[in-house]
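**Q** predicted structure and sequence below. I'll ask about it afterward.
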Amino acid sequence: MLYKKTALAALLSISMGAASAAVDYYSAVPVAELETFFGTTSGAITAASADPGYDPAFEGAGIRDSFGFVAGDIISFDYNFMTDELLPELADDYAFVSVGGSITRLDHVLGSNPLSASYPYEQATGYLSASYTVSETGMLDFGIGIVDAFDEFIDSALLIDNIKIMRAGSEVYRNGFEDMDPLVMGIGDVSMGSDFFGIAPTEGNLQLLMSTTAVPLPPAVWLLFSGIAALMGFSRHRRRDG
């Protein structure tokens, strides 16, 4: 499915792995590598599946970093879940959030949000918003990932944009991936671009894409950044942007 990235504008890719700055090309990684990356236990990502017994996590991609939080901080981000799964009852790919190694499902092919056509992916939720309230003070880990469930043959992807942290009603952090804003550490097929498949960012000019693609198109430029946020203990809600 290399055609999926041939039309990307201003394509950049985050250097993957444990603080590796090596110039290379990356694809989706096995779930065991994702578990190590997010600092979680074996089986924790599969446990977030809508049907862990039938749809175990197979491979995927993710981003993570840490931030100095104060209890009550609210972190939010926009996401667009996209998939080629036409028979989701057979393979229900899903996205998840990792908080201090605790994994919670974010969205999935059989999720409650209506899916519409979004070439080159067969379906997409359109941009939605997710938010989390931090329950403790400290340097806490936060991450987002996406995985193929059951098999590696049909891809799904997740667009991320407009990450921000609010503290007592005031914005204390924003990452819209603009003008060399600090990005995240990533693993697997993770890229940054201005326009993905005709889908514009929710704010500014850039957004992040992570995919379960097994063999991605080699990106033009590789960069290593650090910066987004992380939290432990949270409450979550989603809303469709109006």
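**A** Received, thanks.

**Q** what pLDDT does the nearest residue to Tyr94 once chain neighbours are set aside get?
**A** Residue nearest to Tyr94 in three dimensions, not counting chain neighbours: His108, with 3.5 Å by CB to CB, 6 or more residues apart in numbering. Every residue, glycine included, has its C-beta placed from N, CA and C. Looking at His108, its pLDDT is 92.

**Q** next: the one 4 residues further on.
**A** Looking at Ser112, its pLDDT reads 71.

**Q** I'd like the distance between it and Leu128.
**A** 11 Å (CB to CB, to the nearest Å).

**Q** contacts made by stretch 81-94 with the rest, please.
**A** Contacting residues not belonging to stretch 81-94 are listed as 1, 48-51, 55, 95, 105-111, 113, 115, 118, 121-125, 128, 146-151, 154-159, 212 [CB atoms under 8 Å, 6 or more residues apart in numbering].

**Q** show the average pLDDT along that stretch.
**A** 84.

**Q** now it, how far from the chain's geometric center?
**A** 16 Å (CA atoms, centre = their mean, to the nearest Å).

**Q** and that stretch, end to end?
**A** 8 Å (CA to CA, to the nearest Å).

**Q** pull out the buried positions in that stretch.
**A** The neighbour-count check on stretch 81-94 (16 or more other CB atoms under 10 Å) flags 81-85, 88, 91-94 as buried.

**Q** which of those sits closest to Arg167?
**A** Phe81 (28.2 Å; CB to CB).

**Q** who's that closest one bridged to?
**A** Leu158 (DSSP bridges).

**Q** which element is Ile63 on?
**A** Taking DSSP states H and E as the criterion, Ile63 maps to strand 57-69.

**Q** Provide the strand pairings for that strand, with the direction of each partner.
**A** strand 29-30 (antiparallel), strand 138-149 (antiparallel), strand 185-187 (antiparallel).

**Q** how close does the residue of the chain most remote from its centre get to Ala157?
**A** Among the C-alpha atoms of the chain, the one most distant from their mean position (CA atoms, centre = their mean) is that of Ala168, at 26.5 Å. Distance, Ala168 to Ala157, using CB to CB: 35 Å.

**Q** pLDDT on the longest helix anywhere in the chain, on average?
**A** Of all segments of type helix in the chain, defined using DSSP state H, the longest is helix 31-38. Per-residue pLDDT over helix 31-38 has a mean of 95.

**Q** who's in contact with it?
**A** 18, 29, 41-46, 56-62, 64, 98, 101, 103, 141, 143, 145, 147, 187-188.

**Q** present the strands paired with strand 57-69 as TSV; the columns should include mean neighbour count.
**A** TSV is the format used below for the strands paired with strand 57-69 (neighbours: other CB atoms under 10 Å):
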stretch	mean neighbour count
strand 29-30	18
strand 138-149	25
strand 185-187	26
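
**Q** could I get those as TSV with distance to Gly204?
**A** Listed next are the strands paired with strand 57-69 as TSV, based on distance: least, CB to CB, whole Å:
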stretch	distance to Gly204
strand 29-30	29
strand 138-149	18
strand 185-187	19
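
**Q** of all these, which one is nearest Gly68?
**A** Closest to Gly68 of those, according to CB to CB: strand 138-149, at 5.2 Å.

**Q** tell me the buried residues within the contacts of helix 31-38.
**A** 29, 44-46, 56-62, 64, 98, 103, 141, 143, 145, 147, 187-188.

**Q** returning to that earlier point: next one: the strand holding Ile63 to chain centre, how far?
**A** 7 Å.
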